[in-house]
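# Give the three-dimensional model of this entry:
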Amino acid sequence: MAKKSSVRFECSSCGATYSAWSGKCSTCGLWNTIQEQVVSAESLVASTGRSLEPQSLKDVVKYENIKRITTGIKDFDSVLGGGFVPGSVTLVAGEPGIGKSTILLQVAAAVAANGSVLYVSGEESAHQVALRAKRLGAVADKLSIAVSSSANDIARTISEGDYSLVIVDSIQTVGVEEISSSIGTISQITNSTQLLTSAAKKVHSALILVGHVTKEGSIAGPKVLEHTVDTVLQLEGDRYGGFKLLRSIKNRFGSTGETGIFEMVESGLRTVENPSAALLAERQVSDGSVVLATIEGSRALLVEIQALVNTTTYGYPKRAASGFDINRLNLLIAMLERRTKLKLADKDIYINVVGGIKISEPAADLAVVMAIASASKGMQLKKNAVVFGELGLSGEVRHVPFIEKRISEALKLGFETAIGPKNSTIKKGLSSVPNVREALNTFLEKE
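Predicted coordinates:
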């Protein structure tokens, strides 16, 4: 007769173990670090283990021979590296209402055309999921729905079924029966993930776990959750409109440089074929408006950077940014005041990245600075140009990667030139500037 699993309490800081929970670890002295853990009795006795049988690496089946499970959604497959690998575990995270359940239901219906799919909901009833599936046109014969908050029951269902893909929505709503702590705690999330992962890998089913995020935007739960899974995808964007970006934060079976761009329509999330043209369709050329050539994943994307500069009516100026890091903005404003003749100490400055897109790459520095200078002086770009380049604290324009892609995308959409750092290998389409002062003096003029 197999021995039952037991429960122990372990300090997440120093690793000390206890038979009962307490608020303070007596070994390291820290509070609230003792977590409940499920441990098998057999794992405590080394003599009960069996000898492993190592294989020659040449005899192991190569990854190239594994047929991936494609979703039929071009950008989704691209972010994954070609589709789901059988037996892999993918964590999909994003803010509430961003579209996680929507796109995964579309994926489930697409995969169900060629294999059996199980969708397990811990948040909604089967009726609610069915209504959304009907609205999205995601009803398929081989797509099954189950409602449960028990990780034990879900793992048993995965082990006994023959599913190509299993979706659990969400990991924060399921728990292991052996643990007495409430669902959503660190111990429940960790042990539920391990239990479901073990079941899925035994039967070679691809597993998708939906994860919540905190108000700071990071994935809720222990960091070990991201280490345990094979792939981590983050769905970003404005929940009320604009584009949705699917990024790969971690991928053991592909690149983390790919990005999928979607827009929400009545029938669900739809791939945007030409996002640059869509983002610039309603642009009005005026002071404070600059087009940035940025890189999302492996593709070039043109987005509009808008700046508004007003004299402050308060004791200190206000600086705000939508889609851009506020700390980086403050640094650029300080550099701009020091290296040019602009006086911004008494100005309110607002920056907006059109389309609900968040820009994090340093290549946006020059575009943001030129937009601020343009709005401050009531000037605009001389030429029909896009802008990119990283700025140092001395005001120098530094090199950025994928310059050829940025210029090619700009020329394709009718722009005459690109303003950026010096590059000796590019002879056409690039207007090089050595520093921010020369960029402002050369390319800004009165309307």
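# how about low-confidence regions in the stretch 51-200 of the chain?
For the stretch 51-200 of the chain, applying pLDDT under 70 flags the ranges 60-65.
# Pretty sure residue 331 sits in a helix.
Yes - counting by DSSP: H, G, I helix; E, B strand; the rest coil, residue 331 is located in a helix.
# In contact with it, which residues are there?
residue 393 (C-beta atoms under 8 Å, 6 or more residues apart in numbering). (Each C-beta comes from the backbone N, C-alpha and C, glycine too.)
# Distance check, it against residue 374.
According to C-beta to C-beta, to the nearest Å, residue 331 and residue 374 sit 19 Å apart.
# And residue 295, by the same measure?
For residue 295, the distance to residue 374 - C-beta to C-beta - is 23 Å.
# Those two: who's more crowded?
Per other C-beta atoms under 10 Å, whichever of residue 295 and residue 374 has more neighbours is residue 374, with 26 against 20.
# what residues are up against that one?
Taking C-beta under 8 Å, 6+ apart, one finds 287-290, 307, 380-381, 444 in contact with residue 374.
# try 6 Å
Neighbouring residues of residue 374 by C-beta atoms under 6 Å, 6 or more residues apart in numbering: 287-288, 380, 444.
# end-to-end on stretch 272-289?
Terminal residues of stretch 272-289 lie 24 Å apart, using C-alpha to C-alpha, to the nearest Å.
# Am I right that residue 363 is in a helix?
Yes - under three-state DSSP, residue 363 sits within a helix.
# element containing residue 406, please.
Assigned by DSSP states H and E, residue 406 belongs to helix 403-412.
# helix or strand right after that helix?
For helix 403-412, the succeeding helix or strand toward the C-terminus, using DSSP H and E, is strand 417-420.
# Can you spell out which helices and strands pack onto the following helix or strand past that next one?
Next along the chain after strand 417-420, taking DSSP H and E as the criterion, comes strand 430-432. The contact analysis (3 or more C-beta pairs under 6 Å, 6 or more residues apart in numbering; DSSP states H and E) places strand 430-432 against strand 417-420.
# State the pLDDT value of the nearest residue to residue 330 once chain neighbours are set aside.
Nearest non-adjacent residue to residue 330, counting by C-beta to C-beta, 6 or more residues apart in numbering: residue 319, 6.0 Å away. The model reports residue 319 with a pLDDT of 94.
# you'd agree residue 319 is up against residue 349?
Yes - under the criterion of C-beta atoms under 6 Å, residue 319 makes contact with residue 349 at 5.0 Å.
# Residue 33: neighbouring residues, count only.
Neighbour number of residue 33 under other C-beta under 10 Å is 17.
# if I look at it, how far off is residue 13?
Taken as C-beta to C-beta, the span from residue 33 to residue 13 is 5 Å.
# and if you look at residue 249?
The spacing between residue 249 and residue 13, counted by C-beta to C-beta, is 26 Å.
# what's the answer for residue 166, then?
Taking C-beta to C-beta, one finds residue 166 at 34 Å from residue 13.
# Then residue 356?
Using C-beta to C-beta, residue 356 is found at 40 Å from residue 13.
# go on, residue 74?
Applying C-beta to C-beta to residue 74 and residue 13 gives a distance of 45 Å.
# how far does the helix or strand harbouring residue 232 sit from the chain's center?
Element membership for residue 232, per DSSP H and E: strand 231-237. Relative to the centre of its chain, strand 231-237 is centred 3 Å away, using C-alpha atoms, centre = their mean, to the nearest Å.
# CA atoms only: put the helix or strand just after that strand into PDB for me.
Proceeding C-terminally, strand 231-237 gives way to strand 243-251 as the next helix or strand, assigned by DSSP H and E. In PDB, the C-alpha atoms belonging to strand 243-251 read as follows (Å, rounded to 0.1, in the frame of the first residue of the first chain):
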ATOM      1  CA  PHE A 243      -3.900  47.400 -29.700                       C
ATOM      2  CA  LYS A 244      -3.100  44.400 -27.500                       C
ATOM      3  CA  LEU A 245       0.500  43.200 -27.500                       C
ATOM      4  CA  LEU A 246       1.400  39.600 -26.800                       C
ATOM      5  CA  ARG A 247       5.000  39.300 -25.600                       C
ATOM      6  CA  SER A 248       7.100  36.300 -24.800                       C
ATOM      7  CA  ILE A 249       8.900  36.800 -21.500                       C
ATOM      8  CA  LYS A 250      10.300  33.300 -21.300                       C
ATOM      9  CA  ASN A 251      10.400  30.600 -23.900                       C
END
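# Make 16 the first number, not 1, from now on.
Right, with 16 as the first residue, what we last looked at is strand 258-266.
# what secondary structure does residue 22 sit in?
Under three-state DSSP, residue 22 falls in the strand class.
# Also residue 199?
Residue 199 - assigned by three-state DSSP - is coil.
# ok, so what distance separates the closest residue in space to it that isn't next to it in sequence from residue 243?
Distance criterion C-beta to C-beta, 6+ apart; nearest residue to residue 199, sequence neighbours excluded, is residue 187 at 5.0 Å. Applying C-beta to C-beta, the value for residue 187 to residue 243 is 15 Å.
# what's around residue 175, how many residues?
Around residue 175 there are 9 other residues, counting by other C-beta under 10 Å.
# What residues sit buried inside stretch 393-400?
394-396, 400 (16 or more other C-beta atoms under 10 Å).
# and what of stretch 172-189?
172-173, 178-189.
# Need the distance between the two termini of it.
One end of stretch 172-189 to the other measures 14 Å (C-alpha to C-alpha).
# how far is that stretch from where the chain is centred?
That offset, for stretch 172-189, works out to 22 Å (C-alpha atoms, centre = their mean).
# cool, and stretch 330-345?
Using C-alpha atoms, centre = their mean, the distance between the centre of stretch 330-345 and that of its chain works out at 23 Å.
# Would you mind listing the residues in contact with the residue positioned nearest the centre of the chain?
The centroid of the chain falls nearest to residue 249 when counting by C-alpha atoms, centre = their mean (2.6 Å). Shown in contact with residue 249 (C-beta under 6 Å, 6+ apart): 108, 262, 264.
# quick revisit: what about the buried residues of stretch 393-400, which are in helices?
Per DSSP state H, helices hold no members of those.
# Tell me the one of those residues nearest residue 152?
Set against residue 152, the nearest of these by C-beta to C-beta is residue 400 (43.0 Å).
# so that closest one touches residue 434, yeah?
Yes - the pair residue 400 and residue 434 qualifies as a contact (C-beta under 6 Å) at a distance of 5.2 Å.
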